[in-house]
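S.K.: Generate coordinates for the sequence data below:
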Amino acid sequence: MEVITKQISELKQQLAQLEQLRIIEEKNNIKKALHHDTPLDTNFNNIRIELFKRKFGYWKKVQDDHYNIEREAWKRIRASYKGFDEQYVTDFPVEIISKSNQPPDFHFANTQGFSIHPLSKCQCRHYRDTRNGNNVTYHFITISPKFAGAPIKIEAPLQNSTLESILYLLEDLTSRVGKLENN
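M.R.: Residues are numbered from 1 along each chain as shown. Modelled structure (predicted):
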């Protein structure tokens, strides 16, 4: 009888050890899943950029002569514009995240002037590329209705405070998940 009780206790110990191994394996699987699903800080950068654009505005490229010329040539060759934007390379970005008093500055282009758009009354900056003569124009755009300097306004379905709250919650959740991963 004693032998059977000893074997039962050994089996219980082995079961306890197996349960501990299962728990450790499960924790490792959770850590792996969290590691793969945890958003990187760069994902939150999109929300930060959106908040900046709403608060301070941004410069948007509205005219690029070389883009237009090459786009039409692409269409003549391929009979559609499909795929052109993925292939077109330029040193002039589509959007520049900057305040109105900090217009874009390019070391390879001369500023051709500043103007106010007659219809929208927004600020415009004109550039001429010194390497190839390309003419590019940027308009300053604001999303926030509180900004008095730029009349172009875009309807924003989310309030800035809502985006700030979402960003705070996501960053807080990420830090908590990071702490769980480290434990």
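
S.K.: average model confidence for the helix or strand where residue 3 lies?
M.R.: Residue 3 is part of helix 2-37 when elements are defined by DSSP states H and E. Averaged across helix 2-37, the pLDDT comes to 81.

S.K.: how distant is that helix from the center of its chain?
M.R.: Relative to its parent chain, helix 2-37 has a centroid offset of 43 Å by C-alpha atoms, centre = their mean, to the nearest Å.

S.K.: Report pLDDT for residue 42.
M.R.: 50.

S.K.: Hmm, I typed the wrong one, I wanted residue 145.
M.R.: 52.

S.K.: what helices or strands is the helix holding residue 3 leaning on?
M.R.: When contacts are defined as 3 or more C-beta pairs under 8 Å, 6 or more residues apart in numbering; DSSP states H and E, helix 2-37 sits against helix 160-182. For every residue, glycine as well, the C-beta is placed using N, CA and C.

S.K.: Specify the angle between the helix it packs on and helix 2-37 in degrees.
M.R.: 140 degrees (axes from the mean of the first three to the mean of the last three C-alpha atoms, to 10 degrees).

S.K.: for helix 160-182, packing partners?
M.R.: So helix 160-182, by 3+ C-beta pairs under 8 Å, 6+ apart, packs with helix 2-37, helix 41-56.

S.K.: If you count neighbours, what's buried in that helix?
M.R.: For helix 160-182, the neighbour count (16 or more other C-beta atoms under 10 Å) marks 163, 167, 174, 177 as buried.

S.K.: so where is the protein shaky, pLDDT-wise?
M.R.: Along the chain, the model assigns pLDDT under 70 to residues 31-43, 120, 144-160, 183.

S.K.: mind redoing it with 80?
M.R.: Residues of the chain meeting the criterion pLDDT under 80: 1, 26-47, 117-121, 143-168, 170-183.
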